[in-house]
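Undergrad: Dropping a prediction and its sequence here:
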Amino acid sequence: MKIRRFEATDTLLVELKAGSVAETRDLDENTLLDLNAQAQVLAITLEHATTRADLSSFSFDRVAA
């Protein structure tokens with residue numbers, strides 16, 4: 001998984017899984033979902049990221065089952 005922020009365009013790209021994008025769907029006018037041929041979500045793109053998410057900090061927690 002990779003998370004990238006493009007400051008020039010204020011875009012946040014969350015890549016969940018590697019693969020070939022078969023389709024990109026608009027969730028709303030500022031959110032895109034990249035899907036593979038099996039309709040699995042590969043990536044999420046958020047436009048206007050600084051106004052839509054708290055980007056001042058990032059944390060990752062692994063929770064045991």
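TA: On my side now, so go ahead.
Undergrad: show me what contacts Met1?
TA: Listed by CB atoms under 8 Å, 6 or more residues apart in numbering, the contact partners of Met1 are Val14, Glu15, Leu16, Lys17. Where you see a C-beta, it was placed from the backbone N, CA and C, and this is true even at glycine.
Undergrad: rerun that using 7 Å as the cut-off
TA: Neighbouring residues of Met1 by CB atoms under 7 Å, 6 or more residues apart in numbering: Glu15, Leu16.
Undergrad: now Ile44, which residues is it bridged with?
TA: Val14, Leu33 (DSSP bridges).
Undergrad: Surely it is in contact with Val14?
TA: Yes. Between Ile44 and Val14 a contact is recorded at 4.6 Å, counting by CB atoms under 7 Å.
Undergrad: what ranges do the helices span in this protein?
TA: Along the chain, counting by DSSP state H, helices occupy 49-52.
Undergrad: Strands of that one, residue ranges please.
TA: 2-6, 11-15, 23-28, 31-35, 41-47 (DSSP state E).
Undergrad: Pull up the pairing partners for the first one, direction included.
TA: Put plainly, it is strand 2-6. Strand 2-6 is paired, per DSSP bridges, with strand 11-15 (antiparallel).
Undergrad: got a list of contacts for the strand it pairs with?
TA: 1-5, 42-47, 49, 53.
Undergrad: now Thr45: how far from Ala22?
TA: Separation of Thr45 from Ala22 (CB to CB, to the nearest Å): 16 Å.
Undergrad: More neighbours: which of these two?
TA: Neighbours were counted for Thr45 and for Ala22 using other CB atoms under 10 Å; Thr45 has more, 19 against 13.
Undergrad: Spatially, which residue comes closest to the more buried one, not counting chain neighbours?
TA: Distances taken as CB to CB, 6 or more residues apart in numbering place Leu32 nearest to Thr45, at 4.2 Å, with adjacent residues excluded.
Undergrad: what residue ranges in this structure score low on pLDDT?
TA: Within the chain, no stretch falls below the threshold (pLDDT under 70).
Undergrad: This completes my enquiry, with thanks.
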